[in-house]
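Participant: Could you work out the structure for the sequence below:
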Amino acid sequence: MNLANYLSRSAMYWPESEALVCGERRWTYRSLEEDANRLASALDARGCVPGTLIATVAGNRGELVVAEMAMCKAGAVRVPISPRLAPAEIEHVLADADVKVVLVDAKNSPMVREAVQARGLDCRLVVFGATEGEIDFDALVAEGSPEPFSVDLPLDHPAVLNFTSGSTGTLKAAVQTVGNRLANMRKMAMNPQSTLSRESVYLVAGPITHASGMGILGCFFRGATVVVLPAFNVESYLETMERERVTNTFLVPVMLNMILASPDVLNRDFSHLRGLTIGGAPVTPARLRAAVDLFGPVVNQGYGQGETTSTITFLTAEEVVRGIESDPDLLLSCGRAVFDTEVKVVDERGQQVPFGEIGELVVRGPDCVQEYFHAPEATAETFRDGWVHTGDLARMRADGYVFIVDRKKDMIISGGYNVYCSEVEAAIYEHPAVVEACVVGVPDERWGETVKAFVTRREGSGLTEDELREFCAGRLSRVKIPRIVEFIDELPRNRSGKIDRRQLREHEWTGSQRMVG
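Facilitator: The predicted structure follows:
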């Protein structure tokens, strides 16, 4: 078994069809297959055996897709790292995973090099657009052979380490296997709800390291064209939609909000669009209605996690329209279980609760991972009796529709990125003027949720909101820095004497239809 065999087959069937577009660069299926073979054989010649961990730290570019296919061919374990992470977080991931090769763009190479040197890691850098003295990505590809390259792998062989923040704020990695990734591809390509075909053009608007990039292999399986947007902004997104005649795309709610606010959007032609999926964070009913008004009856939404590799539940375009026309409750739902995924809502003992009652959503299926990397305690907490415990509180209707109503874990989803309250609080507490702090997610029209910190200061301190944010900027990645800071005299307490986070959150969400953004 090798996931890249599906690329090879498409290159055999449709060699001159366009496979990949990014900026000015375009690959046919033949040229993409040859570049992936070259890179896989070059990595093999340099000692990258199956199981070697290779990280990527770069903004969106077509070469990242080439690299992903090459790593599949060579049996390497891909470690996608968002460049938005703080330097200390990147250093942690590289050391924890014992990464041997990092594919990095010129912008981020100094930071990665410092991280490698700080930990004394045995790790080589391959740079997109390298300068003298560095290993250049294009030069490395040129070293290899275009002849077919493929390593047979068992289904339980690790394919991707998907690092996300844990309940304590520490980054941990869901170990996605070849079998998990195969199930993800099968779900996307073969599900009756899918609109993908050979004529499809799929636009990757968000980071390849996140949910936007999860559908790429499924597109190659179907012989579709993948268009990668180097960086998201409304103008380039809309221009690309029209120029490439995009049929399918994926947006997180913050992107959708920016598009809906653009005065230029009404002048664009979306007649070729067949499917627009919203995911990565909850989307409000008002935004779903506005999206359908703009794009037509092609808007759907999905819900998933890194621990499940792909979509758990899906609300189809037809169901969105039904929600608008006759069943408004549906617009608060994240849909029903997809394809071979099973879901249920359980109580603290793991027993299924009656329809309509709230409990924790648990999931199982062939795309669900079995463990976290180097984290046995977190593994035991999340993966129990064959089920993934999502940490999300939900209710389910008798007809299978799932409604996420709150989070069991203290997690904020801001613009599609996960932020854990404990991690932000740890940084705030380092400031000498802070006595206590409590962080919550609050409603935000643009980001879905944003980070708010309630802080009590030491007596006589003149600490300001801007000063505290600047302090946090040296310790947290940008998305985790509190956008709102409220200084109060005393934080509320529960019966145990602990800070009452729920009371603060409920006050901020008063009037909202659900407790997540």
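Participant: Export the longest helix belonging to the chain to PDB, keeping only CA atoms.
Facilitator: Identified as the longest helix of the chain according to DSSP state H is helix 29-45. The C-alpha trace of helix 29-45 is given here as PDB (Å, rounded to 0.1, in the frame of the first residue of the first chain):
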ATOM      1  CA  TYR A  29      -0.400  15.000 -13.800                       C
ATOM      2  CA  ARG A  30       2.700  13.700 -15.600                       C
ATOM      3  CA  SER A  31       5.000  16.500 -14.400                       C
ATOM      4  CA  LEU A  32       3.700  16.300 -10.800                       C
ATOM      5  CA  GLU A  33       4.300  12.500 -10.800                       C
ATOM      6  CA  GLU A  34       7.800  13.000 -12.200                       C
ATOM      7  CA  ASP A  35       8.700  15.700  -9.700                       C
ATOM      8  CA  ALA A  36       7.400  13.600  -6.800                       C
ATOM      9  CA  ASN A  37       9.400  10.600  -8.000                       C
ATOM     10  CA  ARG A  38      12.500  12.800  -8.300                       C
ATOM     11  CA  LEU A  39      12.200  14.100  -4.800                       C
ATOM     12  CA  ALA A  40      11.400  10.700  -3.300                       C
ATOM     13  CA  SER A  41      14.400   9.100  -4.900                       C
ATOM     14  CA  ALA A  42      16.700  12.000  -3.900                       C
ATOM     15  CA  LEU A  43      15.500  11.700  -0.300                       C
ATOM     16  CA  ASP A  44      16.100   8.000  -0.400                       C
ATOM     17  CA  ALA A  45      19.600   8.500  -1.800                       C
END
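Participant: packing partners for that helix?
Facilitator: helix 5-13, strand 18-22, helix 62-74, helix 137-143 (3 or more CB pairs under 8 Å, 6 or more residues apart in numbering; DSSP states H and E). Glycine gets a C-beta too; all of them are placed from N, C-alpha and C.
Participant: who does the helix or strand immediately after it in the chain touch, helix- and strand-wise?
Facilitator: Toward the C-terminus, helix 29-45 is succeeded by strand 53-57 as the next helix or strand (DSSP states H and E). Using 3+ CB pairs under 8 Å, 6+ apart, the elements in contact with strand 53-57 are helix 62-74, strand 77-81, helix 87-96, strand 101-105.
Participant: quick one: contacts for Thr240?
Facilitator: Shown in contact with Thr240 (CB atoms under 8 Å, 6 or more residues apart in numbering): Leu203, Val227, Leu229, Val246.
Participant: Val338: which of the residues you listed is nearest?
Facilitator: Closest approach between the contacts of Thr240 and Val338, by CB to CB: Leu203, at 21.4 Å.
Participant: Tell me what that closest one is bridged to.
Facilitator: Legend: beta-bridge partners of Leu203 under DSSP bridges are Val227, Thr249.
Participant: Quick check, pLDDT for it.
Facilitator: As predicted, Leu203 sits at a pLDDT of 97.
Participant: Could you shift the numbering so residue one becomes 34, and keep it that way?
Facilitator: All set: I'll call the first residue 34, so the last point we hit is now Leu236.
Participant: ok, it touching Val279?
Facilitator: Yes: taking contacts as CB atoms under 8 Å, Leu236 lies within contact range of Val279: 4.4 Å.
Participant: follow-up on the earlier one: please pick the buried ones from the contacts of Thr273.
Facilitator: Leu236, Val260, Leu262, Val279 (16 or more other CB atoms under 10 Å).
Participant: among the helices and strands packed on strand 86-90, which is nearest Ser295?
Facilitator: Within those, the stretch nearest Ser295 is helix 95-107; the backing value is 26.0 Å (CB to CB).
Participant: For the helices and strands packed on strand 86-90, please prepare CSV with the additional fields distance to Val379, mean neighbour count and mean pLDDT.
Facilitator: Below are these laid out as CSV (distance: least, CB to CB, whole Å; neighbours: other CB atoms under 10 Å; pLDDT from 0 to 100):
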stretch, distance to Val379, mean neighbour count, mean pLDDT
helix 95-107, 35, 26, 98
strand 110-114, 31, 24, 96
helix 120-129, 31, 19, 91
strand 134-138, 40, 25, 97
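Participant: Any idea how many residues pack against Phe170?
Facilitator: If you count neighbours by other CB atoms under 10 Å, Phe170 ends up with 23.
Participant: How about it: what's its closest non-neighbour residue?
Facilitator: Nearest residue to Phe170, sequence neighbours excluded (CB to CB, 6 or more residues apart in numbering): Phe161, at 4.8 Å.
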